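**Q** sequence? don't have it. structure:
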C-alpha cells in the first residue's frame, strides 16, 4: 500500500485482523496511508481494483468467519489482482476452500504453483504474471510448465512446400 501511494496510486489497506500484524507496521500505515480493519466494513464499490493478498500459499483449510465474510464480499467483484494465488485456492492442488476469489490477474513469484493450473484453480487465476524476486532456484522439479520454447525444441519448422505425401 505504501509503495502504491509513493507511486501516485491512490490506495487504501484493509487489515482483517490487526492483532496478527506487528505493531510497528501498523504505526507506519497510520502515518503513510489510510487503512481499515475488518470491523470497518469499507465500501469496495469505491475502488477500481482490489488487490487480494489475504493469505500466502499455505492455505489448506476452509476460511473461518472473519476471513470468510471479507472473501465473500470481494469474490463478487470483477477487477481483482491476487498476490501469489487467489484467496481460497489451495496452492498445491487448485482445489477451492469453502469460498474463493476469482481473480482477473494473479502475480506470483519465481515460478507458478500447481494450483494455478489444476482443478478450479485455473479458472480462479485469471491472467498469470510471474516475477523473479531474487530467490535461489530449486532445480528439483516434480512438475514443469510446458512453454512455447519447449515445443519449438521438439517440433522443427516444416518447409512450406511440403505435404503429407512428402513427409509420410
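**A** Looks like it came in fine. Model, not experiment: these values are computed from the prediction.
**Q** Tell me how many other residues crowd residue 151.
**A** Neighbour count of residue 151, defined by other C-beta atoms under 10 Å: 9. C-beta: built from backbone N, CA, C; applies to glycine.
**Q** Report the separation between it and residue 157.
**A** 12 Å (C-beta to C-beta, to the nearest Å).
**Q** which neighbours do these two share?
**A** Common neighbours of residue 151 and residue 157, using C-beta atoms under 8 Å, 6 or more residues apart in numbering, do not exist here.
**Q** Could you pull out the helices in this protein for me?
**A** Secondary structure of the chain (DSSP state H): helices at 2-6, 23-32, 65-74, 121-125, 148-154, 164-167.
**Q** which stretches of this structure aren't confidently modelled?
**A** 1-3, 5, 25-39, 137-143, 167-168 (pLDDT under 70).
**Q** rewinding a little: single out the most deeply packed of the helices of the chain.
**A** helix 121-125 (a mean of 20; mean count of other C-beta atoms under 10 Å).
**Q** what packs against that helix?
**A** For helix 121-125, there is no helix or strand it packs on, judged by 3 or more C-beta pairs under 8 Å, 6 or more residues apart in numbering; DSSP states H and E.
**Q** re the thing from before, of the helices of the chain, which approaches residue 47 most closely?
**A** Among the helices of the chain, the nearest to residue 47 by C-beta to C-beta is helix 65-74 (9.7 Å).
**Q** how many neighbours does residue 117 have?
**A** 14.
**Q** who's in contact with the residue nearest to it when sequence neighbours are not counted?
**A** With sequence-adjacent residues excluded and distances taken as C-beta to C-beta, 6 or more residues apart in numbering, residue 117 is closest to residue 94, at 6.7 Å. Residues near residue 94 by C-beta under 8 Å, 6+ apart: 114-122.
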